[in-house]
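1. Can you look at this prediction? I've put the sequence above it.
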Amino acid sequence: MDAIILQILNGLDKGSAYALIALGLTLIFGTLGVVNFAHGALFMIGAFVAVTLQRVFSLSYDQVDPTKTDFLGNPLVVQIPYIESWFGPEVGHWLMDWSVPLAIIAAIPVMLIVGFVMERGLIKHFYKRPHADQILVTFGLAIVLQELVKYFFGANPIQTGAPDAFAGSMDFGVLLGFDPNVIIYPYWRLVYFGFAALVLGGVFAFLQFTTFGMVVRAGMADRETVGLLGINIDRRFTLMFGLAAAVAGMAGVMYTPILAPNYHMGMDFLVLSFVVVVVGGMGSLPGAVAAGFLLGILQSFASMNEIKSLIPGIDQVIIYLVAILILLTRPRGLLGRAGVMED
Amino acid sequence: MSKSNFTRRGLLKTGAVTGAGLAMPTIFTSGAMAFTNEPTGDTVTFGFNVPQTGPYADEGLDELRAQELAIEHINGMGDGGMLNTFSSKALGGDGIMGKKAAFVTGDTQTKSDAARASAKSMIEKDGVVMINGGSSSGVAVAVQGLCQEAGIIFMAGLTHSNDTTGKDRKANGFRHFFNAYMSGAALAPVLKNAYGTDRRAYHLTADYTWGWTQQESIQSATEALGWETVNNVMTPVGAGDFSSYITPVLNSGADVLILNHYGGDMINSLTQAVQFGLRDAQANGKNFEIVVPLYSELMAAGAGENIKGVYGSMNWNWQLTDPGTQAFVKSFGEKYGRPPSNSAHTCYVQTLLYADAVTRAGSFNPCAVAEALEGFEFDGMGNGPVLYRAEDHQCFKDVLVMKGADNPTTEYDTLEIVEQTPVSQVTYEPNHPMFGGDEASLGECNDGA
Amino acid sequence: MKMLGLSRKDTTFLLIVIALTLFTPILLQPFPEGSGLATFNAGYPDLMQRFAIFGIFAIGFNILFGLTGYLSFGHAAFLGVGSYSVVWMYKLLGYSVVPGILLAVVVSAVFALVIGFISLRRSGIYFSILTLAFAQMSYNLAYSVLTPLTNGETGLQVYTNDPQVLMGENSPTSPHFFGIVMNESSKLNVGGWEFTFNNGYYFTAIVAILVFYLSMRIFRSPFGLMLRAIKTNQTRLNYTGLNSRPYTLAAFVISGMYAGLAGALMASMDPLAGAERMQWTASGEVVLMTILGGAGTLMGPILGAGFIKYFENIFSKINDNMLHQWFAWMPDGIENFLIGVSHFFVGKSWHLTLGLLFMLVVIFLPGGLVEGGQRIARRFRSRKSKDDGSEAQTQPAE
């Protein structure tokens, strides 16, 4: 039982990441009708906002420590971070320690700008173009973005830890009446799940309860009619693209303590997030979220030794197997609408 | 060069030149080379085939730096590095047999196909006499097979699977790097001293050939100590989130977690294991421990603080104090401002060793070079005395057991040397069952003629 | 001049393609050996073989995607299956490529039939994801649990203790076609130039010409017309009472066989089959090749394949040493600046160049590279109303 609860928690955590990425992707599909192969790159850029902030906070000046030597036998040059000398060691250390959560604040404007620029500068010219052209141009963009990141940050994963306050694990089992130390779960992963729930809820509320959201939803359903009503759908769609980018970026920032970011993490998530979106049903926001969590949890279960020993290699293929089964039984995924991206 | 001069290599077959040949004069002068890519001009070209894109791009970059340095030293530029400490004095810093050493580079992408494509272009287009480098066992085995077929020498780079000089050993291929068996053999005594003989180990293993040979080796080495193996779970390569493999560990009755992962997989699995509190946990009345059999500098950098106190093994480390290591670290450090990684060391040494073997053999013919390398014993290249064993072309030397440093002073000493395990302890028979047994064979040397 | 059931325009076009293919070893070697620009020569056997093989792969993909509009994201699975079939035939029978290639085409057809039968129950992106899922499953399993069959990460290869029952005393010890050994070449030195005529290249080139001819016939046949009708409006087609599924399935199987043949040829040139041939990136690559060149055109996919392979193999090999040589005549400051800029585009950054080119081509040449060619041709012959027929059907694919 405890093993199953742990795997559900793992699945919720994986699912949170899948759902957050898929949400933005399906928003762009649904509203703009664009196949965005650069969406994984947006997730990656978000993660590197956190890395950059960490780097900025640890910008240092050199001070020679004559008592020690470096690897060549020269006097050791110690690097003193500017923020430590400006704000004192304690505040400086606190800022560095909290760079990941603080990066959320930085990531929102950065990702909105990235999203706006992408949409206005490139994507907007591809609304009327065939999906194949959209794939080619966004895939090219994804490569360019990730190569730029590689150029400046290297290819090796970069450790960006959670604040010390979130280090360690919570004894989750005690809350459910288990013995102590049976179900323990890292604080940061619980935070991640909570954060995902908050963002997902926020996006849904925004689309459900604001006029803006209403227009966008109407636009998703029937773009031409909304346009005929004299509503400037384009401007809203730009904002929508920025929002999708921001959601992906924030997901990337918060994921860095779990997965040390590297330049190709976007590509790693790209295929998976497409599968999630399609399993959820094209253009359906609740579908994407449901599919994200479903696939996350199933993947966790498939990784259990008991199941792996029954079907070797099942954890390698479970996502694709489930995708095939769902698409064969439900032609438009879990909650997809007819006519979206079917031609 | 005459205006029209046919040189013919191999057989001329029907159709091959019908399209092109019609307009050409049909004079054949049989200028067949004695062996593949026999260098005829005043330079000799090496091929440095390393990952330049993909997850191991940084490792490949460091290998390239080292190889460039080796070329400089061979050609007599710079301070000579390990040539000053190398026990063989055949190289005089004036190129190789009167020829200047040059090189071309390629990108393996850490994919067998791409690595072979890149190696083939070096052989067919650039006329290289040897290929050096790489950062994965799959690539090493694939390129080694290619060099065997083409008739040039392959020096393997970073490859740790037993198979490279085990069941996939080839007469034209050599490996300076150590292997999974050696990691197990070197780690076991240290683990025994640190954690005792009554331990229960849980393995997480990357689900591909390197992971399997690594796991097999460390399992047999630890079981010989009296450790019990609770479970061995295969994890998909590039899984990213290992949480669903890590959560069962704590309640499994195990008190040691062995991570048979490399690169990004290891960084993520170790980081996540620490997040799940495994390093602070207690099990069976003992402190829970994590072991990473194969370390690299880049992995240590990526895993950050999480490696503190974690044992692993390495082929070589810049913190060794022998004169060869010091000479290399000095010239590498002065040129690039950072100490070399252990894969850089391997690639540097292999380049020098190849050049030295050519000079001793007095020929670029791969079979002569292979003969000069087989059974070659030398010193002054780090890790004490070294033997290139003739039977399987594996290099035998001391192995380093490492530990994540508790108080690193710079970003380069996050790992500290715990022990330099003597070579006698990591030596095995050429027909060891983990290395293909009696069936494994180098085959015949091929010079491509 | 009309022959082989082709119209006059098509015959001319085919003859041009044949000529270009046969003279490739000369055409791709424009710079003399030893000159600074020799790096850009592509006339060495491995790359020429790749041009032909990926050309075949893309031609086949285009039959499905270009004609029916069905975007498969799992065609690499057939490529991998083809390669594995050939290497298994080497292991069991011997180094003749014939049994392997035949088996590869059959096996990939069976695979394509099964995957196509299931995936074609859906259309649009749902179809794409189904094919992707099948291919990724094949790749993941081949890499790990199917290792006894595929030799996993290392790649399937021939060992000395393999049975190879048809190997005689004097049989060649590397892949051959009735004794014509693939990796043997003849070299021709003219002035400073060196041309390499490789048996393997001509073998793949002849196969490529044959399958190119076949695809021409398919494009011009009633069957091809039917496939185009499916792309234009499948719903309307279904209303006429016609069941389009058998046609799309046939197209899927044919293009799967092309992919299997390409995989078989890869293993025929180089006796190793790696699992990453089946990865989604490989499937994506053929999609990119086709769109980049111009989907739905005859020549486009081949151009796209050549373009991508050229960058992968040539640009990745440019290193600092070469840059220094090229820019050495400049003043130091400018030289260093140019080398610094070049770092973004060559060597370890060759991906960036490729990504930028994808974007530039799709932004400025909506019909792919073929459209670029057409624009140039039109500029030269502005009075002629239509181009030479090969690209008559250029229209963006969906």
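-> Perfect, I can see it now.

2. contacts for the helix or strand where residue A:195 lies?
-> Using DSSP states H and E, residue A:195 falls within helix A:187-209. Helix A:187-209 has contacts (Cβ atoms under 8 Å, 6 or more residues apart in numbering or on different chains) with A:9, A:12-13, A:16-17, A:19-20, A:23, A:162, A:166-170, A:172, A:212-214, A:216-217, A:243, A:247, A:250-251, A:254-255, A:257-258, A:285-286, A:289, B:243, B:275. From N, CA and C alone the C-beta is placed, and that goes for glycine too.

3. now it: mean pLDDT?
-> On average, the pLDDT along helix A:187-209 is 93.

4. And the helices in the stretch 1-150 of chain B, which stretches?
-> All helices of the stretch 1-150 of chain B, identified by DSSP state H, counting those that start in this stretch, fall at B:18-21, B:57-74, B:112-121, B:137-150.

5. Mind putting those helices into JSON lines with distance to chain C, mean neighbour count and mean pLDDT?
-> Shown next, in JSON lines, are the helices of the stretch 1-150 of chain B (distance: least, Cβ to the nearest Cβ, whole Å; neighbours: other Cβ atoms under 10 Å in any protein chain shown; pLDDT from 0 to 100):
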{"stretch": "helix B:18-21", "distance to chain C": "3", "mean neighbour count": "16", "mean pLDDT": "38"}
{"stretch": "helix B:57-74", "distance to chain C": "6", "mean neighbour count": "25", "mean pLDDT": "95"}
{"stretch": "helix B:112-121", "distance to chain C": "4", "mean neighbour count": "26", "mean pLDDT": "92"}
{"stretch": "helix B:137-150", "distance to chain C": "4", "mean neighbour count": "28", "mean pLDDT": "92"}
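
6. and of these, who's closest to residue C:98?
-> Across the helices of the stretch 1-150 of chain B, residue C:98 has its closest neighbour in helix B:137-150 (20.2 Å, Cβ to Cβ).

7. which residues are contacting the next helix or strand after that closest one?
-> Downstream of helix B:137-150, the next assigned helix or strand under DSSP H and E is strand B:153-155. Contact with strand B:153-155 is made by B:129-133, B:143-144, B:146-148, B:170, B:172-176, B:347, B:350-351, B:353-354, B:366, B:369-370, as judged by Cβ under 8 Å, 6+ apart.

8. Which members of the contacts of helix A:187-209 occur in strands, if any?
-> If you go by DSSP state E, these have A:169, A:170 in strands.

9. if we can go back for a sec, looking at the helices of the stretch 1-150 of chain B, which is closest to residue C:25?
-> That would be helix B:18-21 among the helices of the stretch 1-150 of chain B, by Cβ to Cβ, at 6.4 Å.

10. what helix or strand is the closest residue to residue C:250 other than its chain neighbours on?
-> Leaving aside its chain neighbours, residue C:250 sits nearest to residue C:223 (7.4 Å; criterion: Cβ to Cβ, 6 or more residues apart in numbering or on different chains). Using DSSP H and E, residue C:223 sits within helix C:222-239.

11. now the next helix or strand after that helix against helix C:222-239, angle please.
-> For helix C:222-239, the following helix or strand on the C-terminal side (DSSP H and E) is helix C:245-269. With axes from the mean of the first three to the mean of the last three Cα atoms, to 10 degrees applied, the angle from helix C:245-269 to helix C:222-239 works out at 140 degrees.
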